[in-house]
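[1] Sequence and predicted structure are below.
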Amino acid sequence: MVKIGRYKEACSTAVNSCYSPLICASGLCECETNNYYNSDSNTCNTFRRYKETCSTTVTSCFSPLSCASGLCECETNYYYNADYNTCNPFGRYKEHCSMSETSCYSPLSCASGLCECEPNHFYKTDPNTCNTFGRYTEPCSTDVTSCFSPLICASGVCGCETNHYYNEDDNTCNINEIGRETCSTMDPCSNNMVCVSGLCDCEYPETQYRDPNDNSCKAIGRYEEPCSTAAKSCYSPLKCASGLCKCETTQYYKGDDNTCNTFGRYKEPCSTAVSSCYSPLICASGLCECNTTHYYNADYNTCNKLGSYKEPCSTSVSSCSSPLTCVSGLCDCDTTQYYNEDDNTCNTRTKYNERCSTQLSCYNKLVCVSGRCDCESPGEQYHDPIDNSCKASKQFYGVML
């Protein structure tokens, strides 16, 4: 007579050698996958999911959740991501975040996939605060950009750049024309300037600008040409940034028609002639897409690698390599199929007495015996076609009893 095994005791897969509901796995009596053992009641119970009730006496929650106050939760300073069934650390300033959950440390919030301050606020590392941008003549900090554009922080107060004055009607900083030199035929202009109506000006104002820093005339800049932030020194629609004429940070330059165009988001039209999509997207067939081996995650605005067999996945998007699908948070084949790692395919499981090649290729608790799906112990079990399962024969029960 075969000894019936209890939890974690040795067993044999050749016969039913474990007390119900245990099964024999890797030579030991265990619960089925996704179940945990409760010794008090000698039962196998399904691991609990997020916010479901749990027991602190055993590991009763799906990893990485833990049981806290009777509910499956993430650890402190972590938030739960339902798409991936993961616990992720709260994001700090400029770190990636999810817009579908509260995923940033307070007072930050998730904007365009990054932890940021609310609009019209700036971030200060010490002491981890979001502060309102300063207006004209309000106090500011030179450590960070702490004034409303176009103001800058000078001597601890928000103001305009040198040679500019503030216009409170439209909140702009304008070039101070008062600094222009007067001139006459007896008192000509210096540098390469000419006398126009008694004031020194550029000889070709259509293609030149006056740089108040050295009071000289310079050519208006084209894309990537030098410029000055002290004057309108770039051809429209370009702006002067870091000493060069460029488009806004959210735009790319198109040389064919001298335009600045907004970077394309996911599935928006794009041009393969230039980098015209927000990173990490690329332009493929005229649309902003991820690489073929990646999928797009809208919460984080990222391109993530498609999952392989048994890797974590998201049920909200197609996040597994074909032909796999996302099942219970893992990339797997459909329930009616099994995975063949040799050729990365999902093949239909075979039924009782049908041909098979491996143990995985048979339905339910059937096993592959001599190339056909059969019960694990044919002499002690019979196949029930109603539910396609193997059950102990009455004759065998009589011997055991």
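    Good, I have the coordinates.
[2] Which residue ranges of the stretch 301-401 of the chain form strands?
    302-305, 325-327, 330-332, 337-340, 345-348, 367-369, 372-374, 381-384, 389-392 (DSSP state E, counting those that start in this stretch).
[3] and of those strands, who's closest to Cys24?
    Cys24 lies closest to strand 367-369 among the strands of the stretch 301-401 of the chain, at 12.2 Å (Cβ to Cβ). For the C-beta atoms, the positions are set from N, CA and C on the backbone; glycine is no exception.
[4] Give me the residues contacting the closest one.
    Outside strand 367-369, the residues that touch it by Cβ atoms under 8 Å, 6 or more residues apart in numbering are 356-359, 361-362, 373-376, 378.
[5] pLDDT averaged over it, what's the number?
    The average pLDDT within strand 367-369 is 86.
[6] what comes up buried for that strand?
    Within strand 367-369, the residues that qualify as buried are 367-368, counting by 16 or more other Cβ atoms under 10 Å.
[7] partner strands of that strand, parallel or antiparallel?
    strand 372-374 (antiparallel) (DSSP bridges).
[8] If you count neighbours, what's buried in the partner strand?
    373-374.
[9] returning to that earlier point: could you pick out which of the contacts of strand 367-369 are located in helices?
    Counting by DSSP state H, no part of the contacts of strand 367-369 is found in helices.
[10] Report the buried members of the residues you listed.
    Buried, going by 16+ other Cβ under 10 Å: 356, 361-362, 373-376, out of these.
[11] which one among those residues gets closest to Met186?
    The closest of the buried ones among the contacts of strand 367-369, once distances to Met186 are taken by Cβ to Cβ, is Ser361, at 103.3 Å.
[12] on that earlier part again, mind picking the one among the buried ones among the contacts of strand 367-369 that's closest to Cys240?
    Nearest to Cys240 among the buried ones among the contacts of strand 367-369, with distances taken as Cβ to Cβ, is Ser361, at 67.5 Å.
[13] for the closest residue to Cys117 other than its chain neighbours, what are its contacts?
    The shortest distance from Cys117 to any non-neighbouring residue, by Cβ to Cβ, 6 or more residues apart in numbering, is to Cys130 (3.6 Å). With contacts defined as Cβ under 8 Å, 6+ apart, the neighbours of Cys130 are 107-108, 117-118, 121-124.
[14] Also Leu324?
    Counted by Cβ under 8 Å, 6+ apart, Leu324 has contacts 307-309, 331-333, 339, 346.
[15] Could you export those residues as a markdown table, including neighbour count, pLDDT and distance to Asn81?
    Output for the contacts of Leu324, formatted as a markdown table (neighbours: other Cβ atoms under 10 Å; pLDDT from 0 to 100; distance: Cβ to Cβ, whole Å):
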| residue | neighbour count | pLDDT | distance to Asn81 |
| --- | --- | --- | --- |
| Gly307 | 20 | 92 | 15 |
| Ser308 | 13 | 92 | 20 |
| Tyr309 | 16 | 91 | 21 |
| Cys331 | 20 | 93 | 16 |
| Asp332 | 21 | 92 | 19 |
| Cys333 | 21 | 90 | 24 |
| Tyr339 | 17 | 88 | 25 |
| Cys346 | 17 | 92 | 26 |
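[16] Could you report the distance from the most far-flung residue of the chain relative to its centre to Cys195?
    Going by Cα atoms, centre = their mean, the residue of the chain most distant from its centre is Met186, 68.5 Å out. Relative to Cys195, Met186 is positioned 10 Å away (Cβ to Cβ, to the nearest Å).
[17] try Ala14
    107 Å.
[18] Looking at the two, which one has more neighbours?
    Cys195 (16 against 11; other Cβ atoms under 10 Å).
[19] pretty sure the residue farthest from the centre of the chain belongs to a helix, no?
    No - Met186 sits outside any helix when classified using DSSP: H, G, I helix; E, B strand; the rest coil, being coil.
[20] which regions of this protein lie under the pLDDT threshold?
    1-2, 163, 165, 175-180, 394-401 (pLDDT under 70).
[21] So the residue most central in space within it: helix, strand or coil?
    Most central in the chain under Cα atoms, centre = their mean is Tyr300, positioned 3.0 Å from the mean C-alpha point. Classification of Tyr300 using three-state DSSP returns coil.
[22] His72: what's its closest spatial neighbour, skipping adjacent residues?
    Heads up, residue 72 is Cys, not His. Cys61 (3.8 Å).
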